[in-house]
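In: My questions are about this predicted structure, shown below with the sequence.
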Amino acid sequence: SSDKGPVQQLAAVAAAEAAAAAAAAARDEAQAISAALSGMVWTRSMKRLYTLVDRCLRHQEPVLLVGETGTGKTSVCQLLALMRATHLHVLNCNQHTETSDFLGGFRPTRTRDRDLPQFRAVAQELLTAAAWQLAGQAPPQQLASAAAEAASP
């Protein structure tokens with residue numbers, strides 16, 4: 001292609017490389033799906049589970065899967081994540097799992113005696129500022145700083 005300039009040749013090479021990379025990614029994805037499917041036994045209940053979870057995902061509904069070990073809950077989710085090209089976070093739960101395991105929780109502070117006076121001082125400042133604001137006036141600190149600012153040349 002001597003009639004093409006260097007910019008067009010470079011663009012053609014870049015497009016060819018992008019197409020080859022996309023084809024390789026699609027081939028890898030197809031192999032991953034094939035490998036995932038090859039180890040699954042598609043019983044009636046497995047097909048139903050896949051269909052129901054897929055519908056929930058399509059309608060952006062949350063899903064909680066509960067059942068005996070080995071019934072395919074994780075496998076169905078892994079396959080759906082693979083088909084949708086999304087990342088899957090697996091949380092294996094048991095009878096001792098609590099809400100705080102998902103959301104976190106409060107822990108008691110060991111420095112309460114040291115932190116309490118500082119907390120009280122901050123709370124008092126906030127309450128005082130709120131009282132001044134409700135009264136429709138500026139707190140004395142703000143008045144003093146405004147007066148000092150106005151007095152400076």
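Out: That came through fine. Residues are numbered from 1 along each chain as shown.
In: Tell me the helices and strands packed up against the helix or strand where Ser100 lies.
Out: Using DSSP states H and E, Ser100 sits within helix 99-103. Judged by 3 or more CB pairs under 8 Å, 6 or more residues apart in numbering; DSSP states H and E, helix 99-103 is in contact with no other helix or strand. Every C-beta, even on glycine, is put in place using the N, C-alpha and C of the backbone.
In: Next, the buried residues of the helix or strand following it.
Out: Next helix or strand after helix 99-103 toward the C-terminus (DSSP H and E): helix 112-134. If you call a residue buried by 16 or more other CB atoms under 10 Å, then helix 112-134 has these buried ones: Trp132.
In: so for helix 112-134, what's the average pLDDT?
Out: If you average the pLDDT over helix 112-134, you get 85.
In: Run the chain-centre distance for it.
Out: 35 Å (CA atoms, centre = their mean, to the nearest Å).
In: One more: stretch 87-95?
Out: With CA atoms, centre = their mean, you get 15 Å for stretch 87-95.
In: who does the helix ranked longest in the chain touch, helix- and strand-wise?
Out: In the chain, with assignment by DSSP state H, the single longest helix is helix 6-38. Contact here means 3+ CB pairs under 8 Å, 6+ apart; on that basis helix 6-38 packs against helix 73-84.
In: Can you check what angle separates the helix it packs on from helix 6-38?
Out: Helix 73-84 and helix 6-38 are oriented at 160 degrees to each other (axes from the mean of the first three to the mean of the last three CA atoms, to 10 degrees).
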